[in-house]
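Chemist: Mind folding the following:
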Amino acid sequence: MKRNRVWIYPLILIAFVLVMNTGCKKNSTQQKDSNTTSISSDPLPSWNDTEHKKSIINFVEKVTKKDSPDFVPVAERIATFDNDGTLWPEKPMYFQMVFTFDRIKAMAPNHPEWKTKQPFKAVLEDDIKTVLESGAESIDNLVMTVSADYTTEEFSKIVKDWIDTAKYHGTGKLYTDMVFQPMLELLTYLRNNGFKTYIVSGGTSDFMRPWAEKVYGIPPEQTIGTSFKMKFEMRDGKPVIVQLPEIFLLDDKANKPIGIYQYIGRRPIASFGNSDGDLQMMQWTMGGSGLRFALFVHHTDAEREYAYDRESPLWLFDKALDEANAKGWTVVDMKKDWKIIYSYEKK
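Modeler: As a prediction, this is how the structure comes out:
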């Protein structure tokens, strides 16, 4: 997920309007310590047999075979994944932004002042233009409003209730059914070969942690995202942690490698992303010693998903694409490399 602020550029609302007006274009595993590759004859069945698939398998085999000069001990097999646009879609709107708008509407009965206060009034009236014009700070405030003053347990339940019922525009599928099946296979393949897989996202960790383990097999302690400051207090005689409307970590761009170091304490040997917001994470990963791997998901499939890169006002894949091509990093062509896109297609 790529932003300059805690949440999102105001321009995302423009993109949302354009896409929603034209319509949608598309109708756990446990971690294992292993020094061998997956026993499956094809660990990535939803991938076409292209050079990119081969590059993934070749890397994993080299770093996991004990007799390989590129062997990496299990403890050092760290792989980091961006979330939005890498593990599930980021168009027509970041899923957490949909959640934020839904929460504002759900909370509105207890906040009659929102009927006249912007940008809340605009959200309640689906007035996208006015929300856009309210500015980045106002949009940030919307995101913080729906999480501030809740205990971690309270907010986790709110997220779980939403993610269990909310449907993706156009397909009618749950958001958790809209994850990319080829990337789920990649996560499993890496874990079957002794890797620890981490989410490193601009989305908030408190939004992802309630469901990421069930969907991706990635536990809360391996989910790093934008986070707010918190405080400890006693409520009704019980100790709780309460979220505050103030940024602790903006986990995007140059802050991604900082967050990785602060929370993991090791440099990844493999990283996966989809746009310029992931570039610094890739640079830091590839800057270490030994064999390393960087992979970008290039959104090229306008029929099954979306096609965008250099001209996208928000989900920009420009500088990162140039550097990936120049340095020989893997750039997955979604249209050519993936047999299917979404996890529900396997059900």
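
Chemist: how far is stretch 280-294 from where the chain is centred?
Modeler: Relative to its chain's centre, stretch 280-294 lies at 19 Å (CA atoms, centre = their mean, to the nearest Å).

Chemist: ditto for stretch 125-139
Modeler: Distance, stretch centre to chain centre, for stretch 125-139: 24 Å (CA atoms, centre = their mean).

Chemist: Please work out the average pLDDT along that stretch.
Modeler: The average pLDDT within stretch 125-139 is 78.

Chemist: How far does that stretch stretch from one end to the other?
Modeler: Chord length of stretch 125-139, first to last residue, is 15 Å (CA to CA, to the nearest Å).

Chemist: again, but for stretch 71-81
Modeler: Start-to-end, stretch 71-81 (CA to CA) is 22 Å.

Chemist: buried set for that stretch?
Modeler: By 16 or more other CB atoms under 10 Å, the buried positions in stretch 71-81 come out as 72, 76, 77, 78, 79, 80, 81. Backbone N, C-alpha and C define where each C-beta goes, glycine included.

Chemist: quick one: contacts of that stretch?
Modeler: 33-35, 62-65, 87, 183, 187, 190, 193-200, 218, 260, 264, 266-273, 281, 285, 290-291 (CB atoms under 8 Å, 6 or more residues apart in numbering).

Chemist: from those residues, which ones fall inside helices?
Modeler: Those of the contacts of stretch 71-81 mapping onto helices are 62, 63, 64, 183, 187, 190, 260, 281, 285, per DSSP state H.

Chemist: now the residue nearest the centre of the chain, nearest residue through space, not along the chain?
Modeler: The centroid of the chain falls nearest to residue 83 when counting by CA atoms, centre = their mean (1.4 Å). Of all residues not flanking residue 83 in the chain, residue 201 sits nearest, at 3.8 Å (CB to CB, 6 or more residues apart in numbering).

Chemist: can you tell me which residues contact that neighbour?
Modeler: Shown in contact with residue 201 (CB under 8 Å, 6+ apart): 1, 82, 83, 84, 208, 223, 224, 225, 226, 251.

Chemist: Contact partners for residue 155?
Modeler: Contacts of residue 155 by CB under 8 Å, 6+ apart are 147, 206, 243.

Chemist: how close does it get to residue 148?
Modeler: Distance, residue 155 to residue 148, using CB to CB, to the nearest Å: 9 Å.

Chemist: tell me, what's touching the two both at once?
Modeler: Shared contacts of residue 155 and residue 148, defined by CB under 8 Å, 6+ apart, comprise residue 243.

Chemist: Might you list the low-confidence residue ranges for the stretch 1-150 of the chain?
Modeler: 1-40, 132, 136 (pLDDT under 70).

Chemist: show me where it has strands.
Modeler: 78-81 (DSSP state E, counting those that start in this stretch).

Chemist: same question, the stretch 201-347 of the chain
Modeler: Counting by DSSP E, counting those that start in this stretch, the strands of the stretch 201-347 of the chain are 223-235, 238-249, 270-273, 293-298, 330-333.

Chemist: Make a markdown table from those strands and add mean pLDDT to it.
Modeler: Shown next, in a markdown table, are those (pLDDT from 0 to 100):
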| stretch | mean pLDDT |
| --- | --- |
| strand 223-235 | 96 |
| strand 238-249 | 94 |
| strand 270-273 | 98 |
| strand 293-298 | 98 |
| strand 330-333 | 98 |
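
Chemist: Relative to residue 100, how far out is the closest residue to residue 118 other than its chain neighbours?
Modeler: Of all residues beyond its chain neighbours, the one nearest residue 118 is residue 134 (5.6 Å), with distances taken as CB to CB, 6+ apart. Separation of residue 134 from residue 100 (CB to CB): 14 Å.

Chemist: just checking, residue 101 touches residue 122?
Modeler: No - with contact defined as CB atoms under 8 Å, residue 101 does not count as touching residue 122 (10.4 Å).

Chemist: Between those two, tell me which one has more neighbours.
Modeler: residue 122 (22 against 19; other CB atoms under 10 Å).

Chemist: Now do stretch 247-267: distance from first to last residue.
Modeler: 24 Å.

Chemist: buried stuff in that stretch?
Modeler: 249-253, 255-260, 263-264, 267.

Chemist: now it, how far from the centre of its chain.
Modeler: For stretch 247-267 - counting by CA atoms, centre = their mean - the centre lies 14 Å from the chain centre.

Chemist: what's the answer for stretch 254-269, then?
Modeler: When distances are taken as CA atoms, centre = their mean, stretch 254-269 is centred 16 Å away from the chain's centroid.

Chemist: Need the contact partners of that stretch.
Modeler: So stretch 254-269 is contacted by 63, 72, 76-80, 198, 200, 224, 249, 251, 277-278, 280-281, 283-285, 287-288, 290-293 (CB under 8 Å, 6+ apart).

Chemist: First-to-last residue distance for that stretch?
Modeler: Where stretch 254-269 begins and where it ends lie 18 Å apart, using CA to CA.

Chemist: do the same with stretch 64-75
Modeler: Terminal residues of stretch 64-75 are spaced 12 Å apart (CA to CA).

Chemist: do stretch 211-222 as well
Modeler: Note: stretch 211-222 ends 13 Å apart using CA to CA.

Chemist: Report the buried residues of it.
Modeler: By neighbour count on 16+ other CB under 10 Å, the buried set for stretch 211-222 is 211, 212, 213, 215, 216, 217, 218, 222.

Chemist: go on, stretch 44-63?
Modeler: Here stretch 44-63 shows 44, 46, 47, 52, 53, 55, 56, 57, 59, 60, 62, 63 as buried, counting by 16+ other CB under 10 Å.
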